[in-house]
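>>> everything below, folded, please.
(2 chains)
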Amino acid sequence: MAGLWSSIEKKCFSLLQQKQSCISLLQIHAFILRNTLYANPNILTKFIAACSSTSFTTRFDHIPGIRYARHVFDHIADKGDSFLCNTMIKSHNDHHQFDEALLLCRYLRRGTHFMPDVYTYLFLSKSCSSNSYDWEGRQLHSVVIKTRVLFDVMPLRNVVSWTTLISGFCNDNDIHSARKLFDAMPEKNLVSWNAMICGYSQSKQPNEALKLFHELQYNTVLEADEITIISILQAIAALGALDLGCWVHKYVKRKGSDKKIKVCTSLIDMYAKCGEITKALHIFEGIPEKVTSCWNAIINGLAINGYGEEALTVFHDMISEGCRPNAVTMIGVLSACSHSGLVEEGKRWLNAMEHFGLIPQMEHYGCVVDLLGKVGCLDEAEKLIESMPYEANDIIISSFLSACVNWKDLSRAERLIKRATEMDLLNAGNYVLLRNLYAMERRWDEVKKIKWLIRTSGAKKEAGSSSIETNGVVGEFISGGTVHPQWGDMQPVLEQLPIHMKGMEEQCIKLQ
DNA sequence: ATAGGGTTAG
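The predicted structure is shown next:
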């Protein structure tokens, strides 16, 4: 193909292949216009990719490169070239403009001759996984399925395309399909392993994540990196497997990764979720340059361990050190207030969010509804639900409903249930709460009615479960007496419990 | 001459 290019086209292409400053990119743009190189889609593609990875700062103006790239793209008459369109879609992804990527693709399909190919779908899998809201229902699901279809007939599949598809399936919560692909891959690298391990961690299968991590270490020559560690710490935190967590901490120290702030943030989170707030604080204090995320981790860590006041103190430190809070910080702050019943502080910080340039999201209102419900201000909680600029979701409904149950406010609960039913927001947990409430009031007819509703609606409540770690093995207990199959009988585990606790005690003494 | 993996919440 390149052999047919004119010498001017070749010159332009080789200029674009070097990393260009913004001024020279503007010059190249002028060059393209002057020499009517617009007809060559490969040059345009290269130009757009180059713009997208630069930013245009002149004496008068500052234009992000992606905006310039999109501007140029929008003025291209013939958008039939999929390589060109894919590059524009990917550029939006690279700038975290996932909604833009999706909207562009939709526009191109409706208004041009653009035919999406397997690359388009691989990019879109990423856009759909990361965009802020799923504005077409199960969009990710259909994109991943379509990607799979095109992937199966793709002539040149390599480790990158396999891995993209695996993480697409993970994000779509189809871990089973992801694993089947993973096992079928002709060649795996660390990124593929990380994608799969992370998939397990995030879809609440922490034991599988740990198993795979173990396999990575013993069956391959690959060495875990920071991303592996972060994923594995997530799994450990979910299990509360402190022994394993300590082991990972030592491993990280040995590798020198404990200097990496993201690893530290994950360690703080893991220790806090395992109830070891002292260790979490120790790591936090050792971080020389604290960024927002590590403040967030410790604030939330203190909050979930019941140290609400301390969490607020740390939040004040954060502000006085000039670190800007973000939306996640505020969830930590508000949940700290909720965990410790700090009503006035909670309301104040919700209202003060705009001083930090933050718009309260549903989750922030959720924390305050939770807080008001916990302390029995049901009226105020209900008013907040009604006045907030979002429709309540099922999580807020559950939280408020359980507050009604706690404070035995049956009529309020019924009113809420009615509304939630109309909005199709009743999950099985909500039915169970209501059933318990009726049972408490000895209204057996209603109890029967709810039981019938639960049966017929097909709603399933996941059984509550807890896990325990002995000798580095994690077992799971499911409420109602069934035991995780790997344990067979619960008895031997219970017998080990005192030994396990003794071991922990000794460990604590050693560390002090 | 297009491609992949990560933290913080309820």
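
>>> A:D99 - how many residues pack around it?
15 (other Cβ atoms under 10 Å). Yep, even glycine has a C-beta here, placed from its N, CA and C like the rest.

>>> sorry, slip of the keys, the one I care about is A:H282.
Neighbours of A:H282 (other Cβ under 10 Å): 14.

>>> same check on A:F73?
Applying other Cβ under 10 Å, I find that A:F73 has 21 neighbouring residues.

>>> do the same with the one 5 residues further on
Number of residues near A:D78 (other Cβ under 10 Å) recorded here: 12.

>>> now do the SS call for it.
Judged by DSSP: H, G, I helix; E, B strand; the rest coil, the three-state class of A:D78 is coil.

>>> so what's it up against?
Neighbour list for A:D78: A:P41, A:H113 [criterion: Cβ atoms under 8 Å, 6 or more residues apart in numbering].

>>> distance-wise, check it relative to A:L108.
A:D78 sits 12 Å away from A:L108, taking Cβ to Cβ, to the nearest Å as the criterion.

>>> over to A:L190?
Taking Cβ to Cβ, one finds A:L190 at 34 Å from A:L108.

>>> so the two - more neighbours on which side?
Per other Cβ under 10 Å, whichever of A:L190 and A:L108 has more neighbours is A:L108, with 20 against 15.

>>> grab the nearest non-local neighbour of the more buried one.
A:F114 (4.0 Å; Cβ to Cβ, 6 or more residues apart in numbering).

>>> for the residue nearest to A:L342 when sequence neighbours are not counted, give me its contacts.
In this structure, A:L342 finds its nearest non-sequential neighbour in A:G308, 5.6 Å apart by Cβ to Cβ, 6+ apart. Applying Cβ under 8 Å, 6+ apart to A:G308 gives the contacts A:L302, A:A336, A:C337, A:H339, A:S340, A:G341, A:L342.

>>> which helix or strand contains the second one?
Per DSSP states H and E: A:A336 is located in helix A:327-339.

>>> show me what secondary structure element comes after that helix.
Following helix A:327-339 in sequence, per DSSP H and E, is helix A:343-352.

>>> what's the angle from that next one to helix A:327-339?
160 degrees (axes from the mean of the first three to the mean of the last three Cα atoms, to 10 degrees).

>>> for A:I175, see how far away the spatially closest residue to A:L140 that is not a sequence neighbour is.
Excluding its sequence neighbours, the residue lying closest to A:L140 (Cβ to Cβ, 6+ apart) is A:C128, at 3.9 Å. Distance of A:C128 to A:I175, given as Cβ to Cβ: 17 Å.

>>> more neighbours: which of these two?
A:C128 (25 against 20).

>>> quick one, what contacts the more buried one?
Counting by Cβ under 8 Å, 6+ apart, A:C128 has contacts A:F98, A:L102, A:D134, A:Q139, A:L140, A:V143, A:V144, A:N171.

>>> ok, so of the residues you listed, who is nearest A:F213?
A:N171 (19.8 Å; Cβ to Cβ).

>>> and the pLDDT at that closest one?
With respect to pLDDT, A:N171 scores 91.

>>> OK, contacts around it?
Applying Cβ under 8 Å, 6+ apart, the residues near A:N171 are A:S125, A:C128, A:S129, A:L140, A:V144, A:G199.

>>> go on, A:S14?
No contacts exist for A:S14 under Cβ under 8 Å, 6+ apart.

>>> what are the buried residues along the helix or strand containing it?
Element membership for A:S14, per DSSP H and E: helix A:7-17. Residues A:I8, A:E9, A:C12, A:F13, A:L15, A:L16 are the ones in helix A:7-17 that count as buried (16 or more other Cβ atoms under 10 Å).

>>> contacting residues for the fifth one?
Residues in contact with A:L15 (Cβ under 8 Å, 6+ apart) are A:S24, A:I28, A:F31.

>>> can you do 7 Å?
A:I28 (Cβ atoms under 7 Å, 6 or more residues apart in numbering).

>>> ok, now the first one?
A:I8 sits next to A:N35 when contact means Cβ under 7 Å, 6+ apart.

>>> gap between it and A:Q27?
Taking Cβ to Cβ, one finds A:I8 at 14 Å from A:Q27.

>>> quick revisit: now the helix holding A:A336: mean pLDDT?
pLDDT averaged over helix A:327-339 gives 93.

>>> got it, and stretch A:32-47?
84.

>>> wait, does that stretch contact DNA strand B?
Yes. Stretch A:32-47 reaches DNA strand B (Cβ under 7 Å from any atom of the strand) through A:N42, A:T45.

>>> got the buried residues for that stretch?
A:I32, A:L37, A:N40, A:P41, A:N42, A:I43, A:L44, A:T45, A:K46, A:F47.

>>> just stretch A:263-274 next, same as before
A:V263, A:C264, A:T265, A:S266, A:L267, A:I268, A:D269, A:M270, A:Y271, A:A272, A:K273, A:C274.

>>> next one: the helix or strand the second one falls within to chain centre, how far?
So the one you mean is A:C264. Assessed by DSSP H and E, A:C264 sits inside helix A:261-273. Counting by Cα atoms, centre = their mean, to the nearest Å, helix A:261-273 is centred 16 Å from the centre of its parent chain.

>>> which helices and strands sit right next to it?
Helix A:261-273 sits against helix A:226-239, helix A:242-255, helix A:277-285, helix A:292-304, with contacts defined as 3 or more Cβ pairs under 7 Å, 6 or more residues apart in numbering; DSSP states H and E.

>>> so where is the stretch 401-512 of chain A shaky, pLDDT-wise?
Residue ranges of the stretch 401-512 of chain A with pLDDT under 70: A:421-430, A:433, A:453-512.

>>> relative to A:I299, how far out is the residue in the stretch 301-450 of chain A that DNA strand B sits nearest to?
The stretch 301-450 of chain A approaches DNA strand B most closely through A:S335 (3.1 Å), counting by Cβ to the nearest atom of the strand. The gap separating A:S335 from A:I299 is 9 Å, by Cβ to Cβ.

>>> and what of A:Y365?
For A:Y365 relative to A:I299 (Cβ to Cβ), the value is 19 Å.

>>> between the two, which is the more surrounded one?
Between A:Y365 and A:I299, counted using other Cβ under 10 Å, A:I299 has the larger neighbour count: 29 against 20.

>>> so can I have TSV of the contacts of A:G308 showing neighbour count?
Output for the contacts of A:G308, formatted as TSV (neighbours: other Cβ atoms under 10 Å):
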residue	neighbour count
A:L302	27
A:A336	30
A:C337	27
A:H339	20
A:S340	21
A:G341	12
A:L342	21
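
>>> show me what contacts the residue nearest to A:L108?
A:K79, A:G80, A:S82, A:C85, A:L108.

>>> swap the cut-off to 10 Å and go again
Neighbour list for A:F114: A:79-82, A:84-86, A:89, A:104-105, A:107-108, A:120 [criterion: Cβ atoms under 10 Å, 6 or more residues apart in numbering].

>>> one more: A:R109?
Counting by Cβ under 10 Å, 6+ apart, A:R109 has contacts A:C85, A:M115, A:P116, A:T120.

>>> can you tell me the SS state at it?
helix.

>>> which parts of the stretch 351-500 of chain A sit against DNA strand B?
So the stretch 351-500 of chain A meets DNA strand B at A:M362, A:E363, A:G366, A:C367, A:D370, A:N393, A:I395, A:S399 (Cβ under 7 Å from any atom of the strand).

>>> recalculate using a threshold of 6 Å.
With Cβ under 6 Å from any atom of the strand as the criterion, the stretch 351-500 of chain A meets DNA strand B at residues A:E363, A:G366, A:C367, A:D370, A:I395, A:S399.

>>> so which of those residues belong to helices?
A:E363, A:G366, A:C367, A:D370, A:I395, A:S399 (DSSP state H).

>>> can you give me the neighbour number for A:R254?
9.

>>> ugh, wrong one, I meant A:G322
Using other Cβ under 10 Å: A:G322 sits among 6 other residues.

>>> perfect, that will be all.
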